[in-house]
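>>> pasting the sequence and the predicted coordinates here, then a few questions.
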Amino acid sequence: MRSRLIVIALIITIFNSKFSLGQHQNDTTKDYGSLMINICYTNNDLEYITESTEKIPTLFSNISYFHKSGFYAGFGYSSYFSNEIQSQEYDLNGGYQKYFENGFDVDLSYNWHKFNGDSLLEGLNYNHSASLMFGWEVEKFYFSSELLYTNGKTNNFFFDVGISRYFQIEKIFTKNDVIMISPTLSISFGTDNWLYDDMTYNEKLLTLNDLKSAGYNSESFTYEGFDIFIPISYGINKTFFTFSWLYKIPGNKYDYLGWQKQSGIMFSLTYFLEFKK
């Protein structure tokens with residue numbers, strides 16, 4: 001079985017980190033376009049039901065341009081280091097994001113995806129995805145939801161809901177620096193078609209019968225897991241350094257299939273370049 005849940009968790013981690021930084025950036029450059037350059041390193045631990053563990057260190061890089069109208073486009077590259085087979089991921093994305101004065105925001109995006117390397121590290125086997133996200137900020141709390149559709153060997157839908165609490169401290173060492181902390185809790189649901197993508201007919205049939213005999217639904221939309229995410233960012237001028245910790249508790253079905261605990265840490269460096277004209 002592929003290690004896909006940790007890849008989904010990594011996607012959530014990177015999105016939330018960029019959003020946290022984007023909230024501060026949006027306050028000062030909402031009338032300007034900006035270029036964001038982001039590099040992340042993660043060292044993730046998978047703990048199996050056998051109590052054995054596996055590390056999946058990964059390097060993510062992304063460059064995105066945000067127009068003042070709300071449209072944006074970007075390119076992402078990822079490299080995995082834990083396997084003998086060299087593995088990379090490539091992403092092209094574009095979308096539209098709108099912030100409203102009442103604290104509500106909406107984001108609609110499309111992503112083209114390409115993976116080369118060890119299929120065990122591939123995560124979701126997809127070529128295209130579309131995402132619709134809603135958020136609402138109230139008194140330093142941020143409520144979010146996301147509906148994600150992926151198209152590839154199989155089609156899948158995912159739905160996440162979360163709540164974050166933002167803490168911001170300004171002028172720590174200089175008049176231009178800030179510390180931001182945004183602990184986040186989220187729950188996820190989704191179809192499980194991706195679980196069986198690389199199984200033979202007999203392997204899939206055996207797995208489906210095993211799940212049925214254990215009382216779990218298969219090839220359906222069900223609960224996936226619970227996430228705890230804590231990013232801590234220090235920014236000075238337009239440069240941000242972020243440390244993040246993620247802990248994922250898979251749902252009972254995924255636990256039954258062999259996944260126990262998933263945790264990871266992430267270090268990232270983000271730089272914003274403004275275009276005021």
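That came through fine.
>>> tell me the buried residues in stretch 203-210?
The neighbour-count check on stretch 203-210 (16 or more other CB atoms under 10 Å) flags 204, 207-208 as buried. Placement of C-beta: from N, CA and C, glycine included.
>>> nope, stretch 88-103 is what I meant
Counting neighbours by 16+ other CB under 10 Å, stretch 88-103 gives 89, 91, 93, 95, 97, 99 as buried.
>>> distance of the second one relative to residue 208?
Distance of residue 91 to residue 208, computed by CB to CB, to the nearest Å: 31 Å.
>>> quick check: mean pLDDT across stretch 112-129?
Mean pLDDT, stretch 112-129: 82.
>>> kindly export that stretch (C-alpha atoms) in CSV.
Extracted as CSV, the C-alpha positions of stretch 112-129 are listed here (Å, rounded to 0.1, in the frame of the first residue of the first chain):
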residue,chain,number,x,y,z
TRP,A,112,-1.5,20.1,-13.5
HIS,A,113,0.7,17.4,-11.9
LYS,A,114,3.5,15.1,-13.1
PHE,A,115,5.4,12.5,-11.1
ASN,A,116,8.6,10.6,-12.0
GLY,A,117,10.2,7.9,-9.9
ASP,A,118,9.2,5.4,-7.2
SER,A,119,5.4,4.8,-7.3
LEU,A,120,5.5,4.1,-3.5
LEU,A,121,6.3,7.8,-3.0
GLU,A,122,4.0,9.1,-5.6
GLY,A,123,1.0,9.8,-3.3
LEU,A,124,-2.1,10.4,-5.3
ASN,A,125,-1.8,9.2,-8.9
TYR,A,126,-3.4,12.1,-10.7
ASN,A,127,-2.7,14.4,-13.7
HIS,A,128,-5.2,17.2,-13.0
SER,A,129,-6.9,18.6,-9.9
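>>> what about the strands in the stretch 101-250 of the chain?
Taking DSSP state E, counting those that start in this stretch as the criterion, the stretch 101-250 of the chain carries its strands at 104-116, 126-138, 141-152, 155-165, 167-170, 177-181, 184-191, 221-236, 239-250.
>>> one step back: between the buried residues of stretch 203-210, which sits nearest residue 171?
Using CB to CB, residue 207 is the member of the buried residues of stretch 203-210 that lies nearest residue 171, at 56.1 Å.
>>> identify the residues contacting the closest one.
Neighbouring residues of residue 207 by CB atoms under 8 Å, 6 or more residues apart in numbering: 195-196, 199, 218, 257.
>>> any idea which of the buried residues of stretch 203-210 is closest to residue 152?
Proximity of the buried residues of stretch 203-210 to residue 152 was ranked by CB to CB; the top entry is residue 204 with 16.4 Å.
>>> sorry, back to before: of the contacts of residue 207, which is the most crowded?
residue 195 (23 neighbours; other CB atoms under 10 Å).
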